[in-house]
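J.: sequence and computational prediction follow.
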2 protein chains.
Amino acid sequence: MNFPVVPLGKPRGERADAARNREQLLAAARAMIAEHGTRKVTMDALAERAGLGKGTVFRRFRTRAGIFRALLDEEERRFQERVLSGPPPLGPGADPAQRLIAYGRARIAFLLEHHAIARAALDRAQPIPVGEVAMTRPHIRMLLGLSGSRLPHPDTLAVQLTAALEGPLLLYLSMDEDAASPAMEAAHPLAESWQTLIERVLQVDLPPEEA
Amino acid sequence: MNFPVVPLGKPRGERADAARNREQLLAAARAMIAEHGTRKVTMDALAERAGLGKGTVFRRFRTRAGIFRALLDEEERRFQERVLSGPPPLGPGADPAQRLIAYGRARIAFLLEHHAIARAALDRAQPIPVGEVAMTRPHIRMLLGLSGSRLPHPDTLAVQLTAALEGPLLLYLSMDEDAASPAMEAAHPLAESWQTLIERVLQVDLPPEEA
DNA sequence: ATGTTAACCGGGGTAAAGTCCGTTTCTCTG
DNA sequence: CAGAGAAACGGACTTTACCCCGGTTAACAT
């Protein structure tokens, strides 16, 4: 009697065909976005392009926003790695204030780069499942805690700082579709302003040390 | 050769029937929201309830979100009046820091009260037309200017503070549909936290003077 | 190998947003 | 008051997100 593969632990592994199809769908979505922007990524078109049925697309991603969330998740994982184990000041090692500032800069760049996808990943039906696609709030929360600054409601403040960082790019800034050079112009003041915000909230005063 | 109608001046006043119908539509929408929540306000149902055709609904409001924007605009106007000409510290008269804090408190209460409509007014197709439905950003911008605090990028900072104030309620907090008592619980720390934010950004320190 | 089962596949079906265009209604002028 | 022109109306039409269900297939145990 030989032991079966993976006796338990996971309820069940993803089936091989399913995995293959998911890759095909994500690849097709990426291609369609590159060609025509997010607007043209319809469920029918995506299914046809990937050579699959419509039902399959919905089983994999639940909703249209889900596709973009999945796409974003990949990038997000890379980003998260840089934050969790990359070099300081983004990664561990620097002091909390500097890490917050560095995080803000990096996050703004990230959101700018994936702006179209990030917006399409929003689903007005449900609020953003904080901490799933977004690591921002818990990370900010942690750094606030490490900072040693006495803050009355750090959890709530973390929510508000998260909104201050991501909201402008998700909600308020226009920048529709093109946004190549105007993006860079918008990024700079946002990052500067974020630094000011952090310095004042943590009551530190770092000299402007740019790269 | 006689001159055509309305040489110039106004493009044209709104036609009487149009005005009447708009009122009917808004009233119907309000009733439907009160009865079944925003989810059940569909364009077809709204048209039927108001005794009008669907085309009419779309001409008036362009999009589904437009209905809720219109609804919100009315409340917003009332709110705006309190801010622009009401008693201090919300209205003019108090010092900028206190007004910012008061504005935040009032705004949080406002968004809490109209949470469902505000969320339904979001349109992921277009970003928020800043300054149209929302007076928040310009108001914050003005008060930052009046505060005398030297801030590097006040315009951008105003955007971020706006997001910090409105984002949590629009984007991140769940609170779906019911939110009567949990709402009040959520409101308090948000307001406290907003006060901290402002105090630190403006580098003032107001003693906790509660009502 | 092979039976069992749970997950997957596909495509046709529904509901709701948004568009079009022929028809009706208003309003202004003479 | 009559008539012209502009604006508003209405509802059928199109598009698209999302559901459903019968048939199929991969994974596992024996």
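T.: Done, it's in. Numbers count the residues shown, from 1 in each chain, chains lettered A, B, ... in the order given.
J.: which residues of chain A lie near DNA strand C?
T.: Within chain A, the positions adjacent to DNA strand C are A:11-12, A:14-15, A:17-18, A:21, A:51-56, A:58-60 by CB under 7 Å from any atom of the strand. (C-beta placed from N, C-alpha, C; glycine too.)
J.: helices along chain A, start to end?
T.: Taking DSSP state H as the criterion, chain A contains helices spanning A:16-36, A:43-50, A:54-61, A:64-85, A:96-113, A:115-121, A:136-146, A:154-167, A:181-202.
J.: what residues are up against A:Leu165?
T.: A:104, A:107-108, A:136, A:140, A:194, B:160, B:163 (CB atoms under 8 Å, 6 or more residues apart in numbering or on different chains).
J.: how close does it get to DNA strand D?
T.: According to CB to the nearest atom of the strand, to the nearest Å, A:Leu165 and DNA strand D sit 27 Å apart.
J.: and for A:Arg49?
T.: 12 Å.
J.: and the residue nearest to that residue when sequence neighbours are not counted, what does it touch?
T.: In space, and not counting its chain neighbours, A:Arg49 is closest to A:Ala28: 4.4 Å by CB to CB, 6 or more residues apart in numbering or on different chains. With contact set as CB under 8 Å, 6+ apart, A:Ala28 has these partners: A:46, A:49-50.
J.: by mean pLDDT, flag the weakest helix or strand of chain A.
T.: Using mean pLDDT, DSSP states H and E, helix A:181-202 stands out as the lowest-scoring helix or strand of chain A, at a mean of 84.
J.: could you figure out how far that helix is turned away from helix B:181-202?
T.: 90 degrees (axes from the mean of the first three to the mean of the last three CA atoms, to 10 degrees).
J.: now check helix A:181-202, is it near chain B?
T.: Yes. On the criterion CB under 8 Å from any CB of the partner chain, helix A:181-202 is in touch with chain B at A:189-190, A:192-194, A:196-197, A:200-201.
J.: is it possible to export those to a markdown table including neighbour count and distance to A:Pro152?
T.: Formatted as a markdown table, the residues of helix A:181-202 next to chain B follow (neighbours: other CB atoms under 10 Å in any protein chain shown; distance: CB to CB, whole Å):
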| residue | neighbour count | distance to A:Pro152 |
| --- | --- | --- |
| A:Pro189 | 16 | 29 |
| A:Leu190 | 26 | 26 |
| A:Glu192 | 16 | 26 |
| A:Ser193 | 25 | 23 |
| A:Trp194 | 25 | 21 |
| A:Thr196 | 19 | 21 |
| A:Leu197 | 25 | 17 |
| A:Arg200 | 20 | 15 |
| A:Val201 | 23 | 12 |
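J.: just those now: which is nearest A:Gly167?
T.: A:Leu190 (10.8 Å; CB to CB).
J.: that closest one reaches A:Tyr172, doesn't it?
T.: No. With contacts counted by CB atoms under 8 Å, A:Leu190 stays clear of A:Tyr172, the gap being 10.7 Å.
J.: who touches both of these two?
T.: Contacts common to A:Leu190 and A:Tyr172, judged by CB under 8 Å, 6+ apart, are B:Val159.
J.: okay, now the domains of chain A?
T.: A:13-61, A:64-202 (automatic domain parsing).
J.: just these: most buried one?
T.: Ranked by mean neighbour count, the domains of chain A are led by domain A:64-202 with a mean of 18 (mean count of other CB atoms under 10 Å in any protein chain shown).
J.: ok, the residue nearest to A:Ile33 when sequence neighbours are not counted to A:Glu48 distance?
T.: The shortest distance from A:Ile33 to any non-neighbouring residue, by CB to CB, 6+ apart, is to A:Val41 (6.1 Å). Counting by CB to CB, to the nearest Å, the separation of A:Val41 from A:Glu48 is 12 Å.
J.: now A:Arg141
T.: 43 Å.
J.: please apply the same query to A:Leu202.
T.: Where A:Glu48 is concerned, A:Leu202 sits at a distance of 52 Å (CB to CB).
J.: now do A:Leu151
T.: Taken as CB to CB, the span from A:Leu151 to A:Glu48 is 52 Å.
J.: pLDDT value on A:Pro7, please?
T.: A:Pro7 is assigned 44 on the pLDDT scale.
J.: what helices or strands is the least confident helix or strand of chain A leaning on?
T.: The helices and strands touching helix A:181-202, judged by 3 or more CB pairs under 8 Å, 6 or more residues apart in numbering or on different chains; DSSP states H and E, are helix A:96-113, helix A:154-167, helix B:154-167, helix B:181-202.
J.: same list (those helices) but as CSV, adding distance to A:Met32.
T.: Converted to CSV, the helices and strands packed on helix A:181-202 look like this (distance: least, CB to CB, whole Å):
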stretch, distance to A:Met32
helix A:96-113, 18
helix A:154-167, 25
helix B:154-167, 30
helix B:181-202, 39
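J.: which one of these lies nearest to A:Glu74?
T.: That would be helix A:96-113 among these, by CB to CB, at 12.5 Å.
J.: rounded mean pLDDT for that closest one, please.
T.: 95.
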